[in-house]
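Engineer: Sequence and computational prediction follow.
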Amino acid sequence: MAGSSSACNPDSAPILWLCRGGEPSVPAPPNWLTGHEHTTLSGLTGPRRHEFLLSRWLIRQALSAASQLPVEACRPVDGRPVRSAAPEGWRLSLSHSQGTAACAISHGFPIGVDIEPLQRRPQWQAIVKRWFSPREQSWLLAENDVFSFLKVWTLKEAWLKATGRGIAGNLQTLEVLPEFELVGDQDEPGWHASIVELPDCLATLVWHQATAGEPDVVIADPPGPEFRLDSCQRQPDGATPILRQTIQPRES
């Protein structure tokens, strides 16, 4: 499922970069950080500091590979990194989970990513009963499978990121029905979802594109302790696709 990740036109498929962060480190601020990123980093310590550096390093690697610009010329907008500042025109979405970082990028169309660890959630049924629709509750509780719950949860999280909304009051705007039929509250067609499985987590993409190709997945070796931009190496494809689905508009 991995590919060259070099397309940069509006019809190109979304691209997902993943990186397991390696040993946590707290290095001096790299010289490639923007002023805003440097200020943000100064207020972080320990794992949060490492997570921030890893995600900003991964954004630049993804943008460089997709646009074919030098990695040092690439950066996200200041603040919440939902789009690129250089080169312009790219949408971004980030997710983190227990030392793994994900960066999804697209050329101009909405995109969202969520990753979740593959570990048992003993209270997942309570979440379903409290926040999911009656139809979702019916099949999920009857199936009683935490893996199905994790797939549903990542779909909802990625959907909310792609549509620009928070969790509060919005988890039912995407309804996941039996056999993973997906129904969303957006009227326009062209919404898509994809889930891949890694050895320790699920990674889910949701995006909006009229003609959607198969997402490109790149797994990067972790950067060295100094977070040098020229240190990126790619691993052999370790992501297994387990779902590819179109999200249907909800009937009036």
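Structural biologist: Nice, I can see it.
Engineer: Now do the helices in the stretch 51-200 of the chain.
Structural biologist: Per DSSP state H, counting those that start in this stretch, the stretch 51-200 of the chain carries helices over the ranges 124-131, 134-143, 146-162.
Engineer: what's the most buried one of these?
Structural biologist: Compared across the helices of the stretch 51-200 of the chain, helix 146-162 shows the largest average neighbour count, a mean of 22 (mean count of other C-beta atoms under 10 Å). Just so you know, the C-beta spots here come from the backbone N, C-alpha and C atoms, and that holds for glycine as well.
Engineer: low pLDDT regions in the protein?
Structural biologist: 1-11, 22-27, 252 (pLDDT under 70).
Engineer: Q68 versus the most centrally placed residue in the chain, what's the distance?
Structural biologist: For the chain, the residue nearest the mean C-alpha position is V113 (2.4 Å; C-alpha atoms, centre = their mean). Using C-beta to C-beta, to the nearest Å, V113 is found at 22 Å from Q68.
Engineer: And F109, by the same measure?
Structural biologist: Applying C-beta to C-beta, the value for F109 to Q68 is 20 Å.
Engineer: Who has more neighbours out of these two?
Structural biologist: F109 (17 against 10; other C-beta atoms under 10 Å).
Engineer: Name the nearest residue to that one, sequence neighbours excluded.
Structural biologist: Q209 (4.8 Å; C-beta to C-beta, 6 or more residues apart in numbering).
Engineer: Is that neighbour in contact with G108, as I believe?
Structural biologist: No: look at Q209 against G108 with C-beta atoms under 8 Å: they stay out of range, at 9.1 Å.
Engineer: the more surrounded of the two?
Structural biologist: Set Q209 next to G108 and count neighbours by other C-beta under 10 Å: Q209 wins out with 20 against 15.
Engineer: Tell me who's in contact with the residue nearest to Q137 when sequence neighbours are not counted.
Structural biologist: Take Q137 and drop its neighbours on the chain: the residue closest to it by C-beta to C-beta, 6+ apart is V128, 5.5 Å away. Taking C-beta atoms under 8 Å, 6 or more residues apart in numbering as the criterion, V128 is in contact with E136, Q137, L140, L141, F149.
Engineer: just to revisit the earlier point, once you drop chain neighbours, what's closest to the residue nearest to the centre of the chain?
Structural biologist: Closest residue to V113 apart from its sequence neighbours, by C-beta to C-beta, 6+ apart: A104 at 3.8 Å.
Engineer: Partner strands of the host helix or strand of I247 and their direction?
Structural biologist: Element membership for I247 (DSSP states H and E) is strand 240-249. Partners of strand 240-249 in the sheet, by DSSP bridges, are strand 181-184 (parallel), strand 191-197 (antiparallel).
Engineer: got JSON lines for those, with mean neighbour count too?
Structural biologist: As requested, the strands paired with strand 240-249 are exported to JSON lines (neighbours: other C-beta atoms under 10 Å):
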{"stretch": "strand 181-184", "mean neighbour count": "17"}
{"stretch": "strand 191-197", "mean neighbour count": "22"}
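Engineer: Now stretch 226-237: buried residues?
Structural biologist: For stretch 226-237, a neighbour-count test (16 or more other C-beta atoms under 10 Å) marks F227, L229, C232 as buried.
Engineer: brain fart, stretch 56-72
Structural biologist: Across stretch 56-72, burial judged by 16+ other C-beta under 10 Å covers 56-67, 71.
Engineer: next one: stretch 86-105
Structural biologist: Of the residues in stretch 86-105, 87, 90-97, 99-105 count as buried by neighbour count, 16+ other C-beta under 10 Å.
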